[in-house]
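Asks: Curious how this folds, go ahead:
(one chain, ligands or ions: 1)
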Amino acid sequence: MTGREQDGRGCRGAQGAAGAPAAVGEGRPAVVCPRFDGVGSDGAPVRLGIMGGTFDPIHQGHLACAEQAREAFGLAGVVFIPTGRPAFKRDRAVTDGAVRLEMCRAAVAGNPAFAVSSLEVDRPGITYAVDTLRALRDHYPANVELFFIAGADAILSIARWHESAEVARLARFAAATRPGFAVTEPFKEELASRGAFQVDYFEVTALAISSSYLRERAARGLSLRYLTPDPVREIIEARGLYRLEAPAAAVAGGGKEAPWTP
Ligand code: DND
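Replies: So this is what the prediction gives:
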């Protein structure tokens, strides 16, 4: 079963967020995700949040960041898009995309303003944000403004992203400042000199949580309780993810996906 089929099944029947557009009809294939495919179809201006990430694993920091961006920028909803094969992480094994999708879905279940898209996991090859943004821009009408939500650490690198000028043209960035990743005025000037990026900064609750911290704790057999939603923690425990001797099928290259190396 592909991630997209799973996504369709997982989201079908879910109620739309207050004021959010209804899901696309039964039987029609999802393009981005069933819950938010119809955004903007009434022609009214609307903002949609995109939260891209490796999400290995997804945690409370990602979720709080998306929720606070939704409020700060008046977003109709936020689509979490886990990467397939992340462009900047080709030097390390990443948990299989289907498993990261499963964790993301478990994390957002119950929040009608959040959904998960399998767009990047389903796309073969290295994941570049520009390809995703093109697909979203092709799908949504011009009255839908796309906000790519990212932590300040990710913003520090956008000038190095593949086809960064195109990235700048296709979306606005909602950049969350968080502990350890201060964005200084000289940095903002430097970024402006490297491209026409539209970046709006906002402060998120200080959650000094990172995926690497969760992986480290899991490897040492320490608790992940309260760092990630319980259903995600249960998947990690049940699958034995991030243990020092993680099952081969849990990481890219060990499962159905072909191995990927730099
Ligand atoms: P990460 O691997 O940094 O995601 O990827 C973030 C996005 O950048 C993805 O959509 C990538 O496709 C894109 N990217 C990266 C490099 C190259 C290219 C694209 C390219 O096209 O060439 P993580 O799973 O580590 O984190 C997800 C997001 O959550 C990030 O924006 C991160 O900064 C943020 N985050 C937090 N925000 C607030 N509080 C916390 C956070 N922890 C992570 N505690």
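Asks: did I read that right, Glu166 in a helix?
Replies: Yes. Using DSSP: H, G, I helix; E, B strand; the rest coil, the secondary structure at Glu166 is a helix.
Asks: Please give me every residue in contact with it.
Replies: Contacts for Glu166 were tallied using CB atoms under 8 Å, 6 or more residues apart in numbering; they are Val130, Leu133, Arg134. (Glycine included, C-beta is placed from N, CA and C.)
Asks: residues in contact with the helix or strand where the first one lies?
Replies: Think Val130. For Val130, the host element (DSSP states H and E) is helix 129-139. Helix 129-139 is contacted by residues 31-32, 37, 50, 52, 81, 119-120, 123, 146, 148, 161-164, 166-167, 170-171 when judged by CB under 8 Å, 6+ apart.
Asks: From these, pick out the ones that also neighbour the ligand.
Replies: Gly52, Trp161, His162 (CB under 6 Å from any ligand atom).
Asks: how much space between the last one and Thr54?
Replies: Distance from His162 to Thr54, counting by CB to CB, to the nearest Å: 16 Å.
Asks: Those two: which has the busier surroundings?
Replies: Shown here are His162 and Thr54; by other CB atoms under 10 Å, Thr54 has more neighbours (19 against 13).
Asks: ok, the more buried one - contacts?
Replies: Counted by CB under 8 Å, 6+ apart, Thr54 has contacts Pro82, Thr83, Pro86, Lys89, Val94, Arg100, Ser211.
Asks: what does Tyr213 give?
Replies: Counted by CB under 8 Å, 6+ apart, Tyr213 has contacts Leu227.
Asks: Now do the phi/psi pair for the closest residue in space to His59 that isn't next to it in sequence.
Replies: Nearest residue to His59 in three dimensions, chain neighbours excluded: Thr228, at 4.4 Å (CB to CB, 6 or more residues apart in numbering). Per-residue torsions, Thr228: phi -140, psi 160 (degrees, to the nearest 10).
Asks: what's the answer for Val116, then?
Replies: According to degrees, to the nearest 10, Val116 has phi -120, psi 140.
Asks: What count of nearby residues applies to it?
Replies: There are 31 residues near Val116, going by other CB under 10 Å.
Asks: Hmm, it is touching Val78, no?
Replies: No. Between Val116 and Val78 there is no contact under CB atoms under 8 Å: 9.9 Å.
Asks: Neighbours of the closest residue to Arg225 other than its chain neighbours, how many?
Replies: Closest residue in space to Arg225, ignoring its immediate chain neighbours: Arg233 at 6.3 Å, by CB to CB, 6+ apart. The burial count assigned to Arg233 is 21, neighbours taken as other CB under 10 Å.
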